[in-house]
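# task: produce atomic coordinates for the following.
(one chain, ligands or ions: 1)
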Amino acid sequence: MSNPKIKVENLSKVFSTEEVDTYALADVSLNILEGDYVSVSGPSGCGKSTLLSILGLLDTPTSGQYWLDGIDVSKIGLSQSAEIRCEKIGFVFQQFNLIDELSVADNIALPLRYSRKKYSRDEILARVHDCLGKVGMQNRAGHKPNQLSGGQQQRIAIARALVAQPAVLLVDEPTGNLDSRNGDAIMELLGQLNAAGTTICMVTHDPRYANFARTQINLLDGKIQLPGEGAHGAGGGLQGVAA
Ligand SMILES: Nc1ncnc2c1ncn2[C@@H]1O[C@H](COP(=O)(O)OP(=O)(O)OP(=O)(O)O)[C@@H](O)[C@H]1O
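Residues are numbered from 1 along each chain as shown. Below you'll find the predicted structure:
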């Protein structure tokens, strides 16, 4: 582990209405180093999805700074952020979001076909094959997603997230649609991918799965809880009445 793949400083996100400002994130600073595996946990509403959306360039912070793979992405425009997102971020969601009309191989190839970089047919085939191998699904390339189990579909979604060789894999409740046996298998797979060098940041509400990560972050009321801090130690009261 060496370079920060993700570095955020004093990140805040405020959702404002006429009546109230909600601090979904308040002064969050963190580094995710190359090769790290970070879990983000905490109670419902603590800011986990907001943090992952900002890290994934799907949303922008209200204030603070964010460097993704060394690039200052705090103040970039929408089109540049879409480009950087495609190149640097692999997403895995609770829903597998596969396209039923396409084969497994074509689903995995999608990020390469939509990339601004031009990939040759041979390179796409090689990368798809490599990613199928990484998730143990080499013998399913020609299947359609609806011919696969939920656990297998999540493996394909992970392969698709890896195919553009992103700087970071952002994973949101990857076991949410799976029974515990398949959920455990997906967690094993993420552990193997990390051992092979993939940098992972995963949101999970399940403490058992948070334990798979090397670094565990707990959020409470939009703030990172330091080790030993109790429910009252992280400075609650984050809902302020707008002026
Ligand atoms: N678009 C929005 N407008 C207003 N408030 C929002 C919006 N999105 C999130 N919030 C608020 O920000 C806070 C953090 O929400 P977030 O969805 O990040 O929490 P979470 O930890 O992911 O919750 P869960 O585990 O239930 O998914 C919550 O208080 C939520 O109500």
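# okay, helices next: where are they in the protein?
48-55, 78-88, 104-113, 121-134, 150-162, 180-195, 207-210 (DSSP state H).
# quick one: closest of those to Asp36.
helix 180-195 (8.1 Å; Cβ to Cβ). Quick note: C-beta positions are derived from backbone N, CA and C, even for glycine.
# ok, and what's touching the closest one?
35, 37, 134-136, 149-151, 154-155, 158, 162, 169, 171, 174-175, 178, 200, 202, 209, 212, 214 (Cβ atoms under 8 Å, 6 or more residues apart in numbering).
# mind giving me the PyMOL command for buried ones among those residues?
Filtering these down to the buried ones (16 or more other Cβ atoms under 10 Å) takes a single PyMOL command:
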select buried, resi 35+37+134+135+151+154+155+158+162+169+171+174+175+178+200+202+209+212
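# which of the contacts of helix 180-195 are close to the ligand?
Among these, no residue sits close to the ligand (Cβ under 6 Å from any ligand atom).
# next one: the residue sitting nearest the centre point of the chain from Leu132, what distance?
A centroid search over the chain (Cα atoms, centre = their mean) returns Leu170, at 1.3 Å, as the residue closest to the centre. From Leu170 across to Leu132, the span is 21 Å (Cβ to Cβ, to the nearest Å).
# what does Tyr37 give?
Taking Cβ to Cβ, one finds Tyr37 at 22 Å from Leu132.
# does Pro145 touch Arg155 like I think?
No. With contact defined as Cβ atoms under 8 Å, Pro145 does not count as touching Arg155 (10.9 Å).
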